[in-house]
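**Student:** Below are the sequence and a predicted model for it; my questions follow.
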Number of protein chains: 2
Amino acid sequence: MKDYYIKNVTQDLDGKEVTLAGWVHNIRDLGGKKFLLLRDKTGIGQIVVDKSSPSFQEISDISQESVIMVKGVVKADNRAPNGVEVHAKEVKILSKAKSPLPLDVSGKVKADIDTRLKERVLDLRRQEMQSILKIQNITLKSFRETLYKEGFVEVFTPKIIASATEGGAQLFSVIYFGETAFLAQSPQLYKELLAGVVEKVFEIAPAWRAEDSDTPYHLAEFISMDVEMAFGNYEDAMKLLEKLIYNIVNSVKNEASDELKILSHNLPDVKIPIKRLTYKDAIEILQSKGYNIKFGDDIGTPESRVLYNELKEDLYFITDWPTLSRPFYTKSKDTDPNVSESFDLIYRWLEIASGSTRNHKREVLEDSLRKRGLKPENFEFFLRWFDYGMPPHTGFGMGFARLLVMLTGIHNVKEIVPFPRDKKRLVP
Amino acid sequence: MKDYYIKNVTQDLDGKEVTLAGWVHNIRDLGGKKFLLLRDKTGIGQIVVDKSSPSFQEISDISQESVIMVKGVVKADNRAPNGVEVHAKEVKILSKAKSPLPLDVSGKVKADIDTRLKERVLDLRRQEMQSILKIQNITLKSFRETLYKEGFVEVFTPKIIASATEGGAQLFSVIYFGETAFLAQSPQLYKELLAGVVEKVFEIAPAWRAEDSDTPYHLAEFISMDVEMAFGNYEDAMKLLEKLIYNIVNSVKNEASDELKILSHNLPDVKIPIKRLTYKDAIEILQSKGYNIKFGDDIGTPESRVLYNELKEDLYFITDWPTLSRPFYTKSKDTDPNVSESFDLIYRWLEIASGSTRNHKREVLEDSLRKRGLKPENFEFFLRWFDYGMPPHTGFGMGFARLLVMLTGIHNVKEIVPFPRDKKRLVP
């Protein structure tokens, strides 16, 4: 149908006939000539339609976002974008767009976030959003390539589950053949079991939390990047996570420089090892800044902002959290049962990943459940496998949209996710 | 923790000290010596523990599937598996397994499928299942690499949706903040909209159908491999699918020869172009074989078996299905409105993928909905975008587990999927 993408039409093709197709991004009418800016997935290029061309009539009332196919001859012209324009011999309208558009795709008129999400398909065509989609793709590719090299196997775990696995966050119910089941809030327990089969696994898949709160960093449905590995502890997990972040940031830097420019975003410098701060030290810093905070309290976004201002590090780990502030599968330190082998990775003030050494002994897991007011018998579907050779293991989960906050500079996951789901939004 | 995987312990390491960790696959007791078969994600190797070793006592009552760490010296020995054994200096039990096991992991005792799914974590440790997981991983990698090369972008579409999109198959309901919503049966409509943004998209993600039937090829939750592209028709989609299948089969052939041996499976030869048979010709073949079948009837598994016996082709497309037997978004042929630009890809008698040219004109979509007894006003959330420049587009969906039937020779998707979901199964 088309034989070239816009970015591949360069001065080398001067004089050659090409067929392009895409969206009418903008129209300039100079009476005897029309200049169309044509957009496809690779960029924007200039089409010239002369009055003498038989297509001039065809496009007399062409509207923005209409889809067209253009056959024409490439002319090198240093005044044009990309140094070339295409002189149309034939223009075919494949789909005519209604006018006016409910949202300006060319980006001159700014819209508020509610309008943008309502008119999302048009909003996604804006260059900023296409840049985010491209960065997202590079991120996924780099994440998987690093893990493949380390011998990890990609898995898919079940999303409809029989019981409220981690006992904590709010779950969505599903009517499952007449019974009530739930949507998984994370692949945690299944990925642990699979680490007990093939040692090193990862999964990139949706997870759900019935979050009541309307914050820029929460969604009811989100993509979770999960990693779990046998025969390692949280130090190994942090080292792997560092490598992943390093490779991702560098891939985006190398492969998406144009997109970063469109987003006016500077990526953080990733220095390995990434700064590590114990939870205890973090609390002391906060106390020294006058915060009324004590061991066991959460370190939320406001507190993390203080730490960021103090540390002046874009990325840092907070390690060794209080045992009881973490889920039951988190291993405590052999030297101090109140402190756990756990970490959060923070980008400035935003938690983007969370991990730990896991408990791999049944009696420790049972004890840990009881200490959290949970009943081991409700977790038998999980615990029973620890009777049959579960290795020591470790892992982490990372929020994909939160990682993209760091990679795009857009501080709202609802802007990043193509079709976000929250308390108010199920459409589009 | 460990510094070698079993398959990397070769005769070159003769005399060197290594640390291995894994599961006790089998134990042979020769009085003065114990031979342990140790299994990790790479394979099985032999450990020798001599009576004189201080670890001999430690492992006196070691059980199968216990997890151990072994420090020892490599000895080349052509009688041993892989030509080496490791003479243990130190054995540490990391997790002792209960005995007897509810399922034999070493594969000598066969279990029925219900037992296997109940004892699934042990079942997954069997070499056949680990081979399937490895082939699954190679398949995903090859699928994505081919699509990246073709300029596709990986996307994630929402899984909780407001309305019953395709009007057809049974949906699971979700209680969404007090309202009823549904689990997506496919990413169809969203992937079409995204093809209207970045032209070429793919997604590998769960989808759900409340299938009542208990067949070897259906699950309530399944992984769908979806592809959609602008500016192309079903011929382009078939060509891309051929390339994907060709690359996947060859990757598995090259990278999983040991695993194919374990599964005693021969991969099909993929000849490009893959045989194409129109629906009309398929009906005529079936009629000539005495089947009471007419234009408009479905071609199910029994009929496909007849076609396979006739065609003697492992893979074939059935194209040009009756328009009304396909979903509303399927484009009919310009030359005959009763026939559509559609295809199924069949492995012997199993449909593994299904695709078509899509309708991209609003008035055609509305008409198509009405012809199927559906109300266009219920699809406004989808249709409205066709007012704003939807390009011609095409695509297909492929069932990941069904593709793996072809790649593993296991003719039951419940055996292939690690934790399958059907009417009877929500645990483990």
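**Tutor:** Noted; the coordinates are in hand.
**Student:** Quick one: name whatever helix or strand follows the helix or strand residue A:205 falls within.
**Tutor:** In this assignment (DSSP states H and E), residue A:205 forms part of strand A:200-208. Proceeding N to C from strand A:200-208, the next assigned helix or strand is strand A:221-230, under DSSP H and E.
**Student:** one step back: show me what the strand holding residue A:205 is packed up against.
**Tutor:** Strand A:200-208 sits against helix A:127-149, strand A:153-154, helix A:188-198, strand A:221-230, strand B:200-208, with contacts defined as 3 or more Cβ pairs under 8 Å, 6 or more residues apart in numbering or on different chains; DSSP states H and E. Yep, even glycine has a C-beta here, placed from its N, CA and C like the rest.
**Student:** Throw the ones you listed into a markdown table and include mean neighbour count, thanks.
**Tutor:** Shown next, in a markdown table, are the helices and strands packed on strand A:200-208 (neighbours: other Cβ atoms under 10 Å in any protein chain shown):
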| stretch | mean neighbour count |
| --- | --- |
| helix A:127-149 | 20 |
| strand A:153-154 | 22 |
| helix A:188-198 | 24 |
| strand A:221-230 | 24 |
| strand B:200-208 | 23 |
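**Student:** can these go into a markdown table with extra columns for distance to residue B:36 and mean pLDDT?
**Tutor:** Shown next, in a markdown table, are the helices and strands packed on strand A:200-208 (distance: least, Cβ to Cβ, whole Å; pLDDT from 0 to 100):
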| stretch | distance to residue B:36 | mean pLDDT |
| --- | --- | --- |
| helix A:127-149 | 30 | 98 |
| strand A:153-154 | 25 | 98 |
| helix A:188-198 | 19 | 97 |
| strand A:221-230 | 18 | 98 |
| strand B:200-208 | 39 | 98 |
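**Student:** Which of these sits closest to residue B:181?
**Tutor:** Closest to residue B:181 of the helices and strands packed on strand A:200-208, according to Cβ to Cβ: strand A:221-230, at 10.5 Å.
**Student:** Show me what the closest one pairs with in its sheet, parallel or antiparallel.
**Tutor:** strand A:200-208 (antiparallel), strand A:393-399 (antiparallel) (DSSP bridges).
**Student:** Now the element after that strand, going C-ward?
**Tutor:** By DSSP H and E, the next helix or strand past strand A:221-230 is helix A:234-255.
**Student:** Work out the gap between that next one and the centre of the chain.
**Tutor:** Its chain's C-alpha centre and that of helix A:234-255 lie 15 Å apart, by Cα atoms, centre = their mean, to the nearest Å.
**Student:** residues in contact with that helix?
**Tutor:** By Cβ atoms under 8 Å, 6 or more residues apart in numbering or on different chains, the residues outside helix A:234-255 that reach it are A:135, A:138-139, A:141-143, A:145-147, A:150, A:227, A:229, A:260, A:267-268, A:270, A:272-274, A:276, A:315, A:317, A:319, A:341-343, A:345, A:353, A:355-357, A:394-396, A:398, A:403, A:407, B:1.
**Student:** Likewise for stretch A:421-428?
**Tutor:** Stretch A:421-428 has contacts (Cβ under 8 Å, 6+ apart) with A:117-118, A:120-121, A:211-212, A:214, A:218-221, A:414, A:419, B:158, B:160-162, B:176-177, B:179, B:181, B:193, B:381, B:385.
**Student:** how about 7 Å then?
**Tutor:** With Cβ atoms under 7 Å, 6 or more residues apart in numbering or on different chains as the test, stretch A:421-428 has contacts from A:117, A:120-121, A:212, A:214, A:219-221, A:414, A:419, B:158, B:160-162, B:176-177, B:181, B:381.
**Student:** Could you turn the buried ones of those residues into a PyMOL selection?
**Tutor:** Of those, the buried ones go into a single PyMOL selection, burial set by 16 or more other Cβ atoms under 10 Å in any protein chain shown:
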select buried, (chain A and resi 117+120+121+219+220+221+414+419) or (chain B and resi 158+160+161+162+176+181)
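**Student:** Show only the entries of the contacts of stretch A:421-428 found in helices.
**Tutor:** A:117, A:120-121, A:414, B:381 (DSSP state H).
**Student:** Dump these to JSON lines, plus distance to residue B:48.
**Tutor:** Below are these laid out as JSON lines (distance: Cβ to Cβ, whole Å):
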{"residue": "A:117", "distance to residue B:48": "65"}
{"residue": "A:120", "distance to residue B:48": "64"}
{"residue": "A:121", "distance to residue B:48": "65"}
{"residue": "A:414", "distance to residue B:48": "60"}
{"residue": "B:381", "distance to residue B:48": "67"}
